[in-house]
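Trainee: need coordinates for the below:
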Amino acid sequence: MNKVEKLEYQQEVEKYLEENQIYDLFQHLMQGLIKEKPEDPISFMISKLERPERILSYENLIAKRIFIVGPSGSRKKEKALTLAEAFNYATISVCDLLEREVSKKSELGKKIKETRARFSYGNSTSKE
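Mentor: As a prediction, the model looks like this:
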């Protein structure tokens, strides 16, 4: 194979790998192995490769967001965690973020606590 043929072949391979997201697939497989450290890495990779859309969908360079809203007691957090696990998404709980700030006893935390008390918002676990 001469240099021109070799270059053309390399370009074909590169194009194929990019079009089929093979680099992304391997990157996410490696990240999963490093993060989860499964006892049986081969079975782990096979299970991921059986459903590659789950590997690529959650970090496909486009952030996907789902907002779950509802009244107190509607099990929003439970539903969000179930969806997050099913689709391999991260979750952010506004209530948890607010509680964390209140627990720091910062100025912002004090304002959050006052506002909650004024509007009887939610079931704050903070007693201060």
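
Trainee: in which helix or strand would I find the nearest residue to residue 22 once chain neighbours are set aside?
Mentor: In space, and not counting its chain neighbours, residue 22 is closest to residue 16: 7.6 Å by CB to CB, 6 or more residues apart in numbering. C-beta: built from backbone N, CA, C; applies to glycine. Taking DSSP states H and E as the definition, residue 16 sits inside helix 3-19.

Trainee: buried stuff in the very next helix or strand once past that helix?
Mentor: Using DSSP H and E, the helix or strand that follows helix 3-19 towards the C-terminus is helix 22-36. Residues 24, 25, 28, 29, 32 are the ones in helix 22-36 that count as buried (16 or more other CB atoms under 10 Å).

Trainee: quick check: mean pLDDT of helix 22-36?
Mentor: Per-residue pLDDT over helix 22-36 has a mean of 84.

Trainee: show me what secondary structure element comes after that helix.
Mentor: Sequence-wise, the next helix or strand downstream of helix 22-36 (DSSP H and E) is helix 41-50.

Trainee: where does residue 89 land in three-state SS?
Mentor: coil (DSSP: H, G, I helix; E, B strand; the rest coil).

Trainee: got the domain ranges for the protein?
Mentor: 1-63, 65-128 (automatic domain parsing).

Trainee: quick one on the thing from earlier: with just CA atoms, put the helix holding residue 16 into CSV.
Mentor: Extracted in CSV, the C-alpha atoms of helix 3-19 (Å, rounded to 0.1, in the frame of the first residue of the first chain):
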residue,chain,number,x,y,z
LYS,A,3,1.3,6.6,1.0
VAL,A,4,-1.7,7.9,-0.9
GLU,A,5,-3.7,4.7,-0.5
LYS,A,6,-2.7,4.5,3.2
LEU,A,7,-3.9,8.1,3.8
GLU,A,8,-7.2,7.4,1.9
TYR,A,9,-7.7,4.3,4.0
GLN,A,10,-7.0,6.2,7.3
GLN,A,11,-9.5,8.9,6.2
GLU,A,12,-12.2,6.3,5.5
VAL,A,13,-11.7,4.7,8.8
GLU,A,14,-11.7,8.1,10.6
LYS,A,15,-15.0,9.0,8.8
TYR,A,16,-16.6,5.7,9.7
LEU,A,17,-15.6,6.0,13.4
GLU,A,18,-16.9,9.6,13.6
GLU,A,19,-20.2,8.9,11.7
